[in-house]
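Undergrad: Test case, fold it:
(2 chains)
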Amino acid sequence: MTGLGAVGRRGPGMAGLAGRTRWAVLAVAVLLGVLAVGQLRGQAGVPGLSNLSAQELGVVVANLNAQNEQLRGEIATLERQQSDLATAKDRGESAVEQLQADLARIRAWAGLTGLVGPGITISVRGPIGADGVQDLVNELRNAGAEGIAIAGIRLVPGVVVQGGPGRLAIGDVGLGDAFMIRAVGSPQILTGTLTRAGGVIALLATTYPQARISVTPADTIELPATTRDLRPADAHPRL
Amino acid sequence: MTAIRARLAAIPSWQITLAIALLVLGFLIAAQLAAEGPRVRYTTQERSTLIETTLGLQSQQDALKAQILDLRTQIGELEAEGPGSDALVRQLNADLDQARIAAGLIPMQGPGIVFRLEDAGVPGGGADTLVTARDVRVVVEELWLAGAEAISVNGERVTVSTAFLDIGGSVLANSAYLAPPYTIAAIGPAGLYDRVRASASFAAFVAERVEAEGLHLSVAQPDTVDVPAFAGTVNVRYGRPTGSPVPNP
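TA: Got it, this is the predicted structure:
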């Protein structure tokens, strides 16, 4: 508004125009303000979403739909479990079977017991960095792998591949130039996700051209339990 | 030249002010139209519908996750309350508690650090100046290597099944849509940050992504860090457990 005052005071021959000029500048300023706010709100109105294209939004929607369906399935399982436990409690019975089933399910998912089922074997030969191996692992998780082991070591939180080409290690175990990654899950989905055009293996072929990565579906893959102690020393349950 | 200067000097200051304002106005209108243009032509309704759908599904997902956490709490209580006089039931309950902690199904608290990772904020800076899923994953991996016991990213617990994926300029984790800035909270031993900093691969990440591309990485070391429970599915459809459980939880 400083500009408006200046216009009124300093403009030569402004006696007849001052009123109209003020209104004109005011109108422009208001319009400017409205447009600037609109621009800012358009960019920040929905955090993150405003940056996505319609195609990317479609992917997000599909993903959310699929995930919500899975969550509904989980809720149904939990509700059955809750009902069984409540019934057992009302009858004064112990719920040993339910407890054992729940324990087995959580242990298997968390990598605390061995796992067997259909899946794939990935053979990795030649120089590759830890980032490349972790890319493969990330893609396997994305494709719904239920358990993964590298060179016989089950992947659980805290187990990460490290080192550059020729110096790869998982924990204290060196991986050498050739090793196997095994994953339990849908062989079709896992294979398709890894080997699709423009997928992770295609990308790794450009980053690590000397590395040879091949995927083999299998009816039976057996994964060991983790040997890592997952009991926290510093973290404790939040009450 | 003198005549031109004289004419320029004669222009009233309000006209100059108005001209500048009109220039800015024109620029803003052009920017607005440019931003709206493709939507008008191709996706105005589709895009706004998709955003509304996304927001609706996200809020559904939040509600479903809250329901899962609630059900798990109730189940835990029912299991603990059951007729548990015999040693087997007590042992099973204790094992379940430990297994849930190991699986990330229990919210945890403890000492630790919190990283905050943000885009470089350079207008037109290109994809390299945005935080990617891989950047988030690298920080998480460095924290695991340094001894972290529990990690979350923007409130999503990192578990054995967590993948990080790029969607536009944002990240999907546990199929939850996460928008920057990314807050990576980790519980771990004293000196966790020093261990992370001492890592050669973390130093390389800082050099390549923070120093070279301008990503913002900050760290806080609060007295207590909270990491929420995983609220996703814990299902094993294809595999079945083998052998006897290992002695560890």
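
Undergrad: For the spatially most central residue of chain A, which non-adjacent residue is spatially closest?
TA: The structure's chain A has its C-alpha centroid closest to residue A:142; by Cα atoms, centre = their mean the separation is 7.0 Å. Spatial nearest neighbour of residue A:142, excluding adjacent residues (Cβ to Cβ, 6 or more residues apart in numbering or on different chains): residue B:163 at 3.9 Å. Glycine gets a C-beta too; all of them are placed from N, C-alpha and C.

Undergrad: which stretches of chain B aren't confidently modelled?
TA: Applying pLDDT under 70 to chain B flags the ranges B:1-3, B:31-45, B:82-85, B:243-249.

Undergrad: Number of residues surrounding the residue in it positioned nearest to chain A?
TA: Across chain B, the shortest distance to chain A (Cβ to the nearest Cβ) belongs to residue B:179, at 3.0 Å. Applying other Cβ atoms under 10 Å in any protein chain shown, we find 16 residues neighbouring residue B:179.

Undergrad: quick one, phi psi at it?
TA: phi -110, psi 150 (degrees, to the nearest 10).

Undergrad: what ranges do the strands span in the chain?
TA: Here I'm looking at chain A. A:114-125, A:147-150, A:153-154, A:161-162, A:169-170, A:173-174, A:178-184, A:212-223, A:236-237 (DSSP state E).

Undergrad: switch to chain B, that's the one I care about
TA: Under DSSP E, chain B gives strands at B:108-110, B:112-118, B:150-153, B:156-157, B:164-167, B:170-173, B:176-178, B:182-187, B:216-220, B:225-227, B:240-242.

Undergrad: how about a markdown table for the ones you listed, with mean neighbour count added?
TA: A markdown table is the format used below for the strands of chain B (neighbours: other Cβ atoms under 10 Å in any protein chain shown):
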| stretch | mean neighbour count |
| --- | --- |
| strand B:108-110 | 21 |
| strand B:112-118 | 20 |
| strand B:150-153 | 28 |
| strand B:156-157 | 24 |
| strand B:164-167 | 20 |
| strand B:170-173 | 24 |
| strand B:176-178 | 22 |
| strand B:182-187 | 24 |
| strand B:216-220 | 13 |
| strand B:225-227 | 22 |
| strand B:240-242 | 17 |
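
Undergrad: so which of those strands comes closest to residue B:193?
TA: strand B:112-118 (4.8 Å; Cβ to Cβ).

Undergrad: Just the residues contacting the closest one, thanks.
TA: Applying Cβ atoms under 8 Å, 6 or more residues apart in numbering or on different chains, the contact partners of strand B:112-118 are A:234-235, B:131, B:135-136, B:139, B:143, B:148, B:180-188, B:192-193, B:196, B:215-222, B:225.

Undergrad: How about residues contacting stretch A:195-210?
TA: A:126-129, A:132, A:135-136, A:138-139, A:165, A:193-194, A:211, A:213, A:215.

Undergrad: ok, so of these, who is nearest chain B?
TA: Closest to chain B, out of all of the contacts of stretch A:195-210 and judged by Cβ to the nearest Cβ, is residue A:138, at 5.1 Å.

Undergrad: burial measure for the closest residue to the closest one other than its chain neighbours, as a count.
TA: Of all residues not flanking residue A:138 in the chain, residue B:163 sits nearest, at 5.1 Å (Cβ to Cβ, 6+ apart). When neighbours are counted by other Cβ under 10 Å, residue B:163 registers 19.

Undergrad: which residues sit in contact with residue B:163?
TA: Applying Cβ under 8 Å, 6+ apart, the residues contacting residue B:163 are A:138, A:139, A:141, A:142, B:172, B:173.

Undergrad: re earlier: pick the most deeply packed of the strands of chain A.
TA: Most buried of these, by mean neighbour count (mean count of other Cβ atoms under 10 Å in any protein chain shown): strand A:147-150, with a mean of 27.

Undergrad: What are the buried residues along the top helix by length along chain B?
TA: In chain B, assigned by DSSP state H, the helix with the most residues is helix B:44-81. When neighbours are counted by 16 or more other Cβ atoms under 10 Å in any protein chain shown, the buried residues of helix B:44-81 are found to be B:47, B:50-51, B:53-54, B:57-58, B:60-61, B:64-65, B:67-69, B:71-72, B:74-76, B:78-79.

Undergrad: Can you say which of those residues are also within reach of chain A?
TA: B:47, B:50-51, B:53-54, B:57-58, B:60-61, B:64-65, B:67-68, B:71-72, B:74-75, B:78-79 (Cβ under 8 Å from any Cβ of the partner chain).

Undergrad: Output the contacting helices and strands for the longest helix seen in chain A.
TA: With secondary structure taken from DSSP H, chain A has its longest helix at helix A:54-90. In this structure, helix A:54-90 makes packing contacts with helix A:96-110, helix B:44-81, strand B:164-167, strand B:176-178, judged by 3 or more Cβ pairs under 8 Å, 6 or more residues apart in numbering or on different chains; DSSP states H and E.

Undergrad: Which residues outside the first one are in contact with it?
TA: To tie it back to what came earlier, the one meant is helix A:96-110. Under Cβ under 8 Å, 6+ apart, the answer for helix A:96-110 is A:81, A:84-85, A:88, A:112-113, A:115, A:146-147, A:156, A:230, B:75, B:79, B:82, B:88-89, B:92-93, B:95-96, B:99-100, B:102-105, B:159-161, B:234-236, B:239-241, B:245.
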